[in-house]
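K.L.:
Prediction below, plus the sequence it came from.
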Amino acid sequence: MKLRHHSSISEGVDFFGQAQRQLPYATSLALNRVGQHILDALARVTGEVFDRPTPYTMRALRLARATKDNLVATVDYRDGAGKGLSADKYLPPQVLGGGRRYKRSERALSRVGLPAGAYTVPAAAAEIDAYGNMSRGQIVRLLSYLQAFGEQGYRANSTPRSRARTAKVGRTAEGYKRVNGVQYFVSRGKGSMSGNREQRLPAGVWQKTGTHGADMKPVLLAVAQPSYTQRFPFYETAEAVYSERYDAEFSTALDLALSTAR
């Protein structure tokens, strides 16, 4: 009987060398898969903690993918929303608590009489959209009517003729002036002066209609900076998903990397 010994040391060295070469690719693949799981989990949580979140809010997070040369996958807020407020401005207070950012519309209204630094909330005459927010169309109409757009948007400001069309001022059968449409104006707050008159209305944007414009309702009211309690468990959700999924995803990714290695 002849006995022969076959050493597998060289095969082991080859295997570990190959595994080491494939580690960056496997790690990046695992990070990206876990990142997508986190993104999906946060989308579900968004639908649970917010009342009627807008489509933009549901898509407010993004995944910046890792590569084998940069082993970092990042889930964060999108930083652009066209003309609206971007997610990286309005979501952090929901995650961390505290006050919200100043809106562009609030900054614009401060140029036409709203108290400096005042925040606003929708009031009785506000048009509310399907997501519980003030209609963007009405906000644009207000800013245009009040000529609150700055230099870049000055062409969107209304003219005397367009404001007249909005107001539709006429006369009653008795000859009284009547606002058949709507007129908007800014109140600086009780006790402030508007021309030669002392203002008796709370600070905000108001509309008036009816005979002599006597039917007045607030569209926006000025308030102190709103403060939020933490309600969106962003970090808690991300950490839970990472702890649960990373090891399994890395094992699968490494198997795949080794099986496809050249």
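P.N.:
Thanks, I have the structure now. Keep in mind it's a predicted model, so treat the numbers as computed, not measured. Numbers count the residues shown, from 1 in each chain.

K.L.:
Identify each buried residue in the strand or helix carrying residue 255, please.
P.N.:
Element membership for residue 255, per DSSP states H and E: helix 234-259. Residues of helix 234-259 classed as buried by neighbour count (16 or more other CB atoms under 10 Å): 234, 237, 238, 241, 242, 245, 246, 249, 250, 253, 254, 257. Glycine gets a C-beta too; all of them are placed from N, C-alpha and C.

K.L.:
Please name every helix or strand in contact with that helix.
P.N.:
Secondary-structure packing of helix 234-259 (3 or more CB pairs under 8 Å, 6 or more residues apart in numbering; DSSP states H and E): helix 9-49.

K.L.:
Pull out the buried positions in the very next helix or strand once past the helix it packs on.
P.N.:
Once helix 9-49 ends, the next helix or strand along the chain (criterion: DSSP H and E) is helix 55-58. Residues residue 57 are the ones in helix 55-58 that count as buried (16+ other CB under 10 Å).

K.L.:
I'd like the next helix or strand past helix 55-58.
P.N.:
strand 61-64.

K.L.:
Send over the helix or strand that that next one is followed by as CSV, restricted to the C-alpha atoms.
P.N.:
Next along the chain after strand 61-64, taking DSSP H and E as the criterion, comes strand 74-77. Taking C-alpha atoms only, strand 74-77 is exported to CSV below (Å, rounded to 0.1, in the frame of the first residue of the first chain):
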residue,chain,number,x,y,z
THR,A,74,-25.2,57.3,2.0
VAL,A,75,-28.9,57.7,2.6
ASP,A,76,-29.8,61.4,2.9
TYR,A,77,-32.3,64.1,1.9
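
K.L.:
average pLDDT across the next helix or strand after strand 74-77?
P.N.:
Note on strand 74-77: by DSSP H and E, the next helix or strand toward the C-terminus is helix 87-90. For helix 87-90, the mean pLDDT works out to 79.

K.L.:
So for helix 87-90, what gets flagged as buried?
P.N.:
Buried, per 16+ other CB under 10 Å, within helix 87-90: 87, 89, 90.

K.L.:
With distance to residue 47 as new columns, can these be given to me in CSV?
P.N.:
Listed next are those as CSV, based on distance: CB to CB, whole Å:
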residue, distance to residue 47
87, 15
89, 21
90, 17
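
K.L.:
Got phi/psi on residue 211?
P.N.:
The phi/psi pair for residue 211 (degrees, to the nearest 10) reads phi -60, psi 130.

K.L.:
Mind listing the residues bridging to it?
P.N.:
residue 178 (DSSP bridges).

K.L.:
how much space between it and residue 135?
P.N.:
Residue 211 sits at a distance of 27 Å from residue 135 (criterion: CB to CB, to the nearest Å).

K.L.:
likewise residue 169?
P.N.:
Applying CB to CB, the value for residue 169 to residue 135 is 24 Å.

K.L.:
How about residue 89?
P.N.:
From residue 89 across to residue 135, the span is 20 Å (CB to CB).

K.L.:
Could you do residue 118 as well?
P.N.:
21 Å.

K.L.:
Between these two, which has more neighbouring residues?
P.N.:
The residue with more neighbours, out of residue 118 and residue 135, is residue 118; 20 against 14, by other CB atoms under 10 Å.

K.L.:
give the contact list for the more buried one.
P.N.:
Counting by CB atoms under 8 Å, 6 or more residues apart in numbering, residue 118 touches 106, 109, 110, 203, 222, 223.

K.L.:
Count residues in the vicinity of residue 165, would you?
P.N.:
Residue 165: 11 surrounding residues under other CB under 10 Å.
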